[in-house]
Every structure is written in structure tokens, then in C-alpha cells.
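S.K.: Coordinates only, no sequence provided:
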């Protein structure tokens, strides 16, 4: 069985090395699936980390070193893995967080986590993450909203902005299908890597894909809807609130073909 391991800046981490990320909830991360030392969208994951680090810490990320640490922790292991790369800073001054702080990189490997694509029942809620364009570690609200959805008999939560526009799910993006084209919401949300790859794949297949405002009051006009994130490229959505969506073999095949156009990139 594949072992789980965590390294800090390329070295085995001890309790002291985990003190800051455990006690100070400030940083960002990206998660990916690794197959035989390769990742779909590796360049996109690295670009995500590179963009967010100066915004949160006022310092650049050493992308080449980060990639080397990712490669090192995977090694020659051919088994499917999940890799999470987190950026935080032991140099961050809690009293003066505006001061530049050199980033630290925590890389964790674990056995691959892949969700079984089971249709989800989703509850809409008015909620927006702070800095929605960043995949940051402030996840309390996300899991609280998911918990509330489950307490009300649903599987997960879909975030809707104050104007009633669909944005994103708790830890996923959403897309809609009308039988001809895929439509993505344009409300503030994370530009998820799996969503990026699906958009590129649909374009490669010559399938129309557009991004626009999608009001909660118009979702009944779509034939089907789906969830996408790093653990599951496409998960069907059975309903949003009381609005049902069809099981859609055509859409499943289309999304599988779209992701199949995107190459695996070596670490």
C-alpha cells in the first residue's frame, strides 16, 4: 500500500515544522492526482501556486524548487497518488502581516483519492468565500455550509452570490449542459484546474463552451448539471434544491472525451 508522507521544503517534517500551519490558518494550496509520476495540468497547478504566493506573502515562490520537492516525494512510485502542495510562511509576522514573508512549501503525498461519480443532491445557499480566486486554507465556511446542507437532507452546498447568480460548490466547480453546449457560471469563484482542463478539452473537440451569468432562477432551463474538482473530473448533479436534472450518458461521454484530450505531464 502506498505510504503517506509529508515534507517541508524537501525535507522530512517534524512537529515544530508543522506548528505554524497547525496554529495559523493562513496560506494557500493546490491538490492533484498523480499517475506514474505524471499529473494532468501540472503547469496549471504550478501557475496557481506562483500567482497566489506574492498576493498573500509579498514574496515570490521558487517554482523550480517546488516542482523538485514534488518530484522528490513521489520518487519512482508508480502507484496512484494524491499530492497536496501547501504554501505558508514561518516568517510571517502575525502583528505585521503586511511585511514580506519568505514562503515555505509543505508537500504531502497519500494514496489516491478518487470519488465515485454518484449523482449529488445539492442545496443552494447565499455565501461567498473570501478571495474566491485563491485556493486558500480558510475552509471553515465551506465545510460548515456542506454540513448544513447534509443536515437538511442534501449532499453538498452550492454557493450563490447576493444577486442570485450561481458561483461554485463547497470544494468544486459546476457546469451546466443543454444538450448542445456546456455553460459555466461567471460569478466570483475559484478557477479550478479540472474546470480549466475540461474547457480546454471541449475546445479541442470543437464543442461549444461558454461562461456567463447563470441565475438560480434559470437553472431549470438546463438538461443536466455536473460537479468537477481534483478528486472527480465529472460528478453528475441530481438536483439543485427542488430542480431535478437528468442522468445524461451523452454528457458523461463528452466530459470523458474532453479530459482525455489533456496530456499527463511529468513532474
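M.R.: Thanks, I have the structure now. Just so it is clear, the model here is predicted, and its values are computed rather than measured.
S.K.: hey, let's count contacts and neighbours off CA atoms from now on
M.R.: OK.
S.K.: where exactly do the helices run in this structure?
M.R.: 15-23, 42-57, 63-74, 140-151, 193-205, 249-260 (DSSP state H).
S.K.: Excluding chain neighbours, what is closest to residue 106?
M.R.: Nearest residue to residue 106, sequence neighbours excluded (CA to CA, 6 or more residues apart in numbering): residue 8, at 4.6 Å.
S.K.: ok, the one you found to residue 216 distance?
M.R.: 43 Å (CA to CA, to the nearest Å).
S.K.: that older thread, give me the neighbour count for the residue nearest to residue 106.
M.R.: The tally of other residues near residue 8 (other CA atoms under 10 Å) stands at 19.
S.K.: cool, and residue 172?
M.R.: Neighbour count of residue 172, defined by other CA under 10 Å: 23.
S.K.: I figured it hits residue 227, correct?
M.R.: Yes - the criterion here is CA atoms under 8 Å, and residue 172 meets it with residue 227 at 6.2 Å.
S.K.: remind me which residues of the stretch 151-267 of the chain are low pLDDT?
M.R.: For the stretch 151-267 of the chain, no stretch is flagged by pLDDT under 70.
S.K.: now the strands: where do they sit in it?
M.R.: For the stretch 151-267 of the chain, strands defined by DSSP state E, counting those that start in this stretch occupy the ranges 156-160, 166-169, 173-177, 182-185, 209-212, 224-229, 232-240, 243-244, 264-266.
S.K.: Which neighbouring elements make contact with the second one?
M.R.: What it means is strand 166-169. In terms of contacts (3 or more CA pairs under 8 Å, 6 or more residues apart in numbering; DSSP states H and E), strand 166-169 is packed against strand 156-160, strand 173-177, strand 182-185.
S.K.: Give me the distance between residue 128 and residue 167.
M.R.: 8 Å.
S.K.: try residue 49
M.R.: From residue 49 over to residue 167 (counting by CA to CA), the distance is 22 Å.
S.K.: So between those two, which is more surrounded?
M.R.: Higher neighbour count among residue 49 and residue 167: residue 167, with 26 against 23, using other CA under 10 Å.
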